[in-house]
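*Asks:* sequence first, then the predicted structure, then my questions.
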Amino acid sequence: MMNLDFSFYNWDLISNFVLKGLYFSLLLTLIATLGGVFFGTVLALMRLSGRKWLDVPATIYVNGMRSIPLVMVILWFFLLVPAIIGRPIGAEVSAIVTFVAFEAAYFSEIMRAGIQSISRGQVYAGQALGMTYGQNMKLVVLPQAFRNMLPVLLTQTIILFQDTSLVYAIGAYDMLKGFEVAGKNFGRPIEAYLAAAVLYFVMCYALSWMVKRLHQKIAIIR
Amino acid sequence: MSWDWQVFCQDTMDREVVQGCFGKGGEVTYLDWILSAWGWTISVSLLALVLALVLGALIGTVRTLQDRPMIVRLGNAWVELFRNIPLLVQIFLWYHVLPSLIPALKQVPGFVLVVLALGFFTSARIAEQVRAGIQALPRGQRYAGLAMGFTTFQTYRYVLLPMAFRIIIPPLTSETMNIFKNSSVAFAVSVAELTMFAMQAQEETSRGIEVYLAVTALYVVSAFAINRIMAFVEKRVRIPGVALTASAGGGH
């Protein structure tokens, strides 16, 4: 049994290493959520459009992404994106592009379920009022779909936040990396990994507790 | 851009192309290596799946016991603990932290630690599905069992669990596919599975596209195979005239 010593964690170290990584983890989570929900909604609309030339490519994309491990997708983009645009990009930019593309596939399934949860009567009512397809989606269906799916979207965001640790594969500087570098510099890797686990746990547990509360609230209103 | 699939026929030591692509004698080609890596991925995943199913079924079941609030709380704590720490961090905990706290773990190979990490991580998710499956059953089923004179154990064994497990086959299917995908995280502690192979072979051969394509194809083949196997199981155990549904959990 070895002695654990957390005394090396002072503010300087935390702000230099951990906060730098935490900032990127949160930024990545935010951009990937917003981008993923946007492109995911587009993919969901393509799949529900009833037009084969829109439906088939979107289905292939979504099922393809969902059958590959995220780590492989991260490696793919890290290899391919610089080759396509012809100049090197940093691990951080590559990670952001990857997560938006990858999460779009997962969010599209949530949005598809959300859109399908809206009763047909709502769509007919919109049409009866003379709304176009676009107006109907924008004003009637999507706002309700978002609202119904909000707890699931947020749960997916928590999973996304945990998955940002996988940018380890390409060496991007996220929260886990911050802890790891700090642990190496101070010769205390064990304490660094433990602290990382505790911080991830506290953040994710608090978030999922709040989502649970929100879920109960929404459930009561309806 | 040009393809060079010959890369898989190369010897990993001197990079000479080997006739027939499989190494003979002491030779190891990249084709030999990728197949062995696939084997490691499958071994890690299947062993972790067994562990996760056993633990998950047990913990999910005890979380539905009605007059044992302490045990229910312990079960809930288990699920929250393993669900709210990223898998990669959990693997580091098993690989770096636990062996220094428990010296006996130092003798345990990395492969076993990864199986334990992945199994425990997934057990929390399966426990959640088992609980949801049991609670999705009408309350009357439990009472019917007790009214028959069954003990609590018998009620679970003969009435509740056989129904609950049928309900949760669809989420279990995605969880099984997730285990295969999540096994890729083992690269971080140098288990020679597919992702580790992909990273190393890309480095050595600079043929990233071919290597990644082959590895991705093997992951997709594995996922599809599981999907088919589980669909077959689902069909075989279906109770005629009973349509059961439970909500599935998310996840990667």
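*Replies:* Sure, I can see it.

*Asks:* and the closest residue to residue B:135 other than its chain neighbours, what pLDDT?
*Replies:* Residue nearest to residue B:135 in three dimensions, not counting chain neighbours: residue B:64, with 6.2 Å by C-beta to C-beta, 6 or more residues apart in numbering or on different chains. For every residue, glycine as well, the C-beta is placed using N, CA and C. We note a pLDDT of 92 for residue B:64 in this prediction.

*Asks:* burial of residue B:64, as a residue count?
*Replies:* Neighbour count of residue B:64, defined by other C-beta atoms under 10 Å in any protein chain shown: 20.

*Asks:* and the pLDDT at residue 12?
*Replies:* Picking chain A for this. Residue A:12 is given a pLDDT of 69.

*Asks:* try again with chain B
*Replies:* With respect to pLDDT, residue B:12 scores 74.

*Asks:* below-threshold pLDDT in the stretch 1-150 of chain B: ranges please.
*Replies:* B:1 (pLDDT under 70).

*Asks:* SS state for the residue nearest to residue B:135?
*Replies:* Secondary structure assignment for residue B:64 (DSSP: H, G, I helix; E, B strand; the rest coil): coil.

*Asks:* how close does it sit to chain A?
*Replies:* From residue B:64 over to chain A the distance is 18 Å, taken as C-beta to the nearest C-beta, to the nearest Å.

*Asks:* per-residue confidence at residue 194?
*Replies:* No chain specified, so I'll use chain A. pLDDT, residue A:194: 91.

*Asks:* right idea, wrong chain: chain B
*Replies:* 90.

*Asks:* wait, isn't it in contact with residue B:184?
*Replies:* Yes - Residue B:194 is within contact range of residue B:184, at 6.8 Å (criterion: C-beta atoms under 8 Å).

*Asks:* what touches both of the two?
*Replies:* B:41, B:219 (C-beta atoms under 8 Å, 6 or more residues apart in numbering or on different chains).

*Asks:* about what we covered before: so what's the residue nearest to residue B:135 up against?
*Replies:* Going by C-beta under 8 Å, 6+ apart, residue B:64 touches B:72, B:131, B:134, B:135, B:160.

*Asks:* same deal with residue B:115?
*Replies:* Contacts for residue B:115 (C-beta under 8 Å, 6+ apart) come out as B:44, B:47, B:48, B:51.

*Asks:* out of those, which is nearest to chain A?
*Replies:* residue B:44 (12.4 Å; C-beta to the nearest C-beta).

*Asks:* for the helix or strand where that closest one lies, which positions count as buried?
*Replies:* Using DSSP states H and E, residue B:44 falls within helix B:30-62. Neighbour-count burial for helix B:30-62, counted by 16 or more other C-beta atoms under 10 Å in any protein chain shown, picks out B:30-34, B:37-38, B:40-42, B:44-45, B:47-49, B:51-53, B:55-57, B:59-62.

*Asks:* and what of stretch B:224-235?
*Replies:* Using 16+ other C-beta under 10 Å as the test for burial, stretch B:224-235 gives B:226, B:230.

*Asks:* averaged pLDDT, it. What do you get?
*Replies:* In this model, stretch B:224-235 has a mean pLDDT of 91.

*Asks:* quick check: pLDDT value at the residue nearest to residue A:199 when sequence neighbours are not counted.
*Replies:* The shortest distance from residue A:199 to any non-neighbouring residue, by C-beta to C-beta, 6+ apart, is to residue A:175 (7.2 Å). Residue A:175 carries a pLDDT score of 92 in this model.

*Asks:* what about residue A:175, how many residues nearby?
*Replies:* Residue A:175: 27 neighbours (other C-beta under 10 Å).

*Asks:* again, but for the one 5 residues further on
*Replies:* Neighbouring residues of residue A:180 were enumerated by other C-beta under 10 Å; the total is 21.

*Asks:* contacting residues for it?
*Replies:* Contacts here follow C-beta under 8 Å, 6+ apart; on that basis residue A:180 touches A:189, A:192, A:193, A:196.

*Asks:* do I have it right that the first one meets residue A:183?
*Replies:* It refers to residue A:189. Yes - using C-beta under 8 Å, residue A:189 is in contact with residue A:183, at 4.0 Å.

*Asks:* pick out whichever of the two has more residues nearby.
*Replies:* Set residue A:189 next to residue A:183 and count neighbours by other C-beta under 10 Å: residue A:183 wins out with 21 against 18.

*Asks:* and the more buried one, what helix or strand is that in?
*Replies:* Going by DSSP H and E, residue A:183 is in helix A:175-185.

*Asks:* what's the helix or strand just after that helix packed up against?
*Replies:* Using DSSP H and E, the helix or strand that follows helix A:175-185 towards the C-terminus is helix A:189-221. Secondary-structure packing of helix A:189-221 (3 or more C-beta pairs under 8 Å, 6 or more residues apart in numbering or on different chains; DSSP states H and E): helix A:142-163, helix A:175-185, helix B:69-83, helix B:87-92.

*Asks:* and the next helix or strand past the worst-scoring helix or strand of chain A on mean pLDDT?
*Replies:* Counting by mean pLDDT, DSSP states H and E, the weakest-scoring helix or strand in chain A turns out to be helix A:11-13, with a mean of 70. The C-terminal neighbour of helix A:11-13 among helices and strands, as given by DSSP H and E, is helix A:19-48.

*Asks:* and residue B:169, its phi and psi?
*Replies:* In terms of degrees, to the nearest 10, the main-chain angles of residue B:169 are phi -60, psi -40.

*Asks:* residue contacts, the residue nearest to the spatial centre of chain A?
*Replies:* Taking C-alpha atoms, centre = their mean, the centroid of chain A lies closest to residue A:160, which sits 3.8 Å from it. Residue A:160 is in contact with A:29, A:32, A:33, A:36, A:99, A:103, counting by C-beta under 8 Å, 6+ apart.
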